[in-house]
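Colleague: kindly return the folded structure for what I paste below:
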Amino acid sequence: MPNKLTATVICCFIALSLFAQKTIAIKCGNLFDAKAGVILKDQVVLVKGNIIQSVSPASSFKEKADSTIDLSGYTVLPGLIDAHTHVLLQQDITTKEYADQLLQESIPYRTLRAARSALISLKNGFTTIRDLETEGAMYADVDVKKAINRNIIPGPRMFVSTRAINTVGHYALSPEEFNWELDLPQGIQIVNGADEARRAVREQIAHGADWIKIYTDRGYYKAPDGSYHGLKNFTKDELAAISDETYGSRKKLVAHAVTHEGIQDAVSAGVISIEHGFGMDDDCIALLAKKHVYWCPTIYICDYMSEPRAKEGGMMDKYFMQTFGATFKKALDAGVKIVYGTDIGGYSWDEPQAKDFEYMVKWGMTTAQAIQSATITGAQLLDMEGKIGVVQPNAFADIIGVKGDPLQDIKILQHVQWVMKDGKVY
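Modeller: Numbering: from 1, shown residues only. Model prediction:
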């Protein structure tokens, strides 16, 4: 009996090994070279297992493959990277939409919805995402990531930040807006003082956080001179403790920061990327360029939520949109490293995830630069350079196909028609 069992195990191992060694030749009519920012004609990409083996002109391709995929009528690109998502959210433009999810939906229910969000992202051509907090769903993003990695559910590669960190009284759900007698769920992990801040970082990393996210500002307002400002959330000691614990554990720090005060504090704390920065001023642009800090502007959501929030009396997003284009152009000209990120989940997952590209091109980027922000720049941010965001030998086989040429019309990326992630076609 043991011999039969051993033989069966060996046969299964051999069969799985042989399957993993199968090769796929992908014929590409057009292939976007993310590093050079140009289109290559009539290329063949050879994939073995989940790794790209070679990229060569069709005229010189001689290798035999186990199967062939004909994308000669497509433009083929690396799988896209969205550096700011929320799979556990299903739109929170209004206070009620946010509260309904935290108060009326259990974390298991929200996690089931997150599985749908992950699949949508993959089908949209975003084969990698950085998911920047669960908004009250604790460590469910880690579970979604595990389920994807174990092939239980389909979805993109995920880098997660779990709960995010803010200080007492500076985040929803606020007792000021609800019954103060209730023990309300919170959208983030609340800390008060350096010791609690350090403990929060340790807890989140222990539960699987790849990144630590902080909220450095709030209460935005427009000054009489037209400049934007906000209130600070952390003391210097709290920020120092968070930064020390994050980098001491070989993790990275990211900050929600919208105006001068929050951005200055975030950069001083050593963040790798600034999220949103809608009200960024010239000093902040110069600082980001000097310190080589990434900027993830999340443009579409600011525009998307400006009208609904204005109807509720909140005018700041409308103000930001009036100056956002000029701010973006200044940052681009200054050499700030701009990375693609959407904040999807903050707006509906049924909206286009590739919408931000339109604004980036309208405000000064070439179409190639816009695509690079979601490929090679995103890969650099995630320390995955050469592994994702490129179609080249030794990279993961994360590849997408679209009809038409996105270098001529960036809107084409809103209609991805073919997706391969990790060597598997979806």
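
Colleague: which pLDDT value belongs to the residue nearest to residue 92 when sequence neighbours are not counted?
Modeller: Leaving aside its sequence neighbours, residue 92 sits nearest to residue 98 (Cβ to Cβ, 6 or more residues apart in numbering; 3.8 Å). For the C-beta atoms, the positions are set from N, CA and C on the backbone; glycine is no exception. Looking at residue 98, its pLDDT reads 96.

Colleague: and the average pLDDT for the helix or strand harbouring residue 129 is what?
Modeller: Element membership for residue 129, per DSSP states H and E: strand 126-131. Over the span of strand 126-131, the pLDDT mean works out to 99.

Colleague: helix or strand right after that strand?
Modeller: That would be, after strand 126-131 and using DSSP H and E, helix 140-149.

Colleague: listing partners with orientation, what would you give for the next helix or strand after that next one?
Modeller: Later in the chain than helix 140-149, the nearest helix or strand by DSSP H and E is strand 157-160. Note on strand 157-160: by DSSP bridges, its sheet partners are strand 126-131 (parallel).

Colleague: the strand it pairs with versus helix 140-149: what angle between them?
Modeller: Orientation of strand 126-131 against helix 140-149 (axes from the mean of the first three to the mean of the last three Cα atoms, to 10 degrees) gives an angle of 160 degrees.

Colleague: quick check: buried residues in strand 126-131?
Modeller: By neighbour count with 16 or more other Cβ atoms under 10 Å, strand 126-131 contains the buried residues 126, 127, 128, 129, 130, 131.

Colleague: and the contacts of that strand?
Modeller: The contact list for strand 126-131 (Cβ atoms under 8 Å, 6 or more residues apart in numbering) reads 79-88, 121, 141, 144-145, 156-161, 211, 341, 353, 374, 378, 381-382, 384, 388-389, 398, 400, 419, 421.

Colleague: just checking, which of these belong to helices?
Modeller: 121, 141, 144, 145, 378, 381 (DSSP state H).

Colleague: you'd agree the fourth one is up against residue 162?
Modeller: When you say that, I think you mean residue 145. No. With contact defined as Cβ atoms under 8 Å, residue 145 does not reach residue 162; the gap is 10.3 Å.

Colleague: if you count surrounding residues, which of those two has more?
Modeller: More crowded of residue 145 and residue 162, by other Cβ atoms under 10 Å: residue 162, with 29 against 23.

Colleague: spatially nearest residue to the residue sitting nearest the centre point of the chain (excluding sequence neighbours)?
Modeller: Residue closest to the mean C-alpha point of the chain, counted by Cα atoms, centre = their mean, is residue 83 at 2.2 Å. Leaving aside its chain neighbours, residue 83 sits nearest to residue 341 (3.9 Å; criterion: Cβ to Cβ, 6+ apart).

Colleague: contacts only, for the one you found.
Modeller: So residue 341 contacts 82, 83, 84, 85, 130, 275, 296, 297, 298, 356 (Cβ under 8 Å, 6+ apart).

Colleague: excluding covalently adjacent residues, which one is nearest to the third one?
Modeller: Of all residues not flanking residue 84 in the chain, residue 341 sits nearest, at 3.1 Å (Cβ to Cβ, 6+ apart).

Colleague: same deal with residue 378?
Modeller: Distance criterion Cβ to Cβ, 6+ apart; nearest residue to residue 378, sequence neighbours excluded, is residue 81 at 3.1 Å.

Colleague: how close does the one you found sit to residue 399?
Modeller: The gap separating residue 81 from residue 399 is 13 Å, by Cβ to Cβ, to the nearest Å.

Colleague: neighbour count winner among these two?
Modeller: Neighbour totals were compared for residue 81 and residue 399, and residue 81 leads with 30 against 27 (other Cβ under 10 Å).

Colleague: shouldn't residue 45 be in contact with residue 23?
Modeller: No. In this structure residue 45 lies outside contact range of residue 23 using Cβ under 8 Å: 10.7 Å.

Colleague: and the two? which has more neighbours close in?
Modeller: residue 45 (25 against 17).

Colleague: could you pull out the helices for this protein?
Modeller: 2-20, 95-104, 107-123, 140-149, 194-206, 236-248, 260-268, 282-291, 299-311, 316-334, 356-362, 367-373, 376-381.

Colleague: to residue 345, which of those helices lies closest?
Modeller: helix 107-123 (6.5 Å; Cβ to Cβ).
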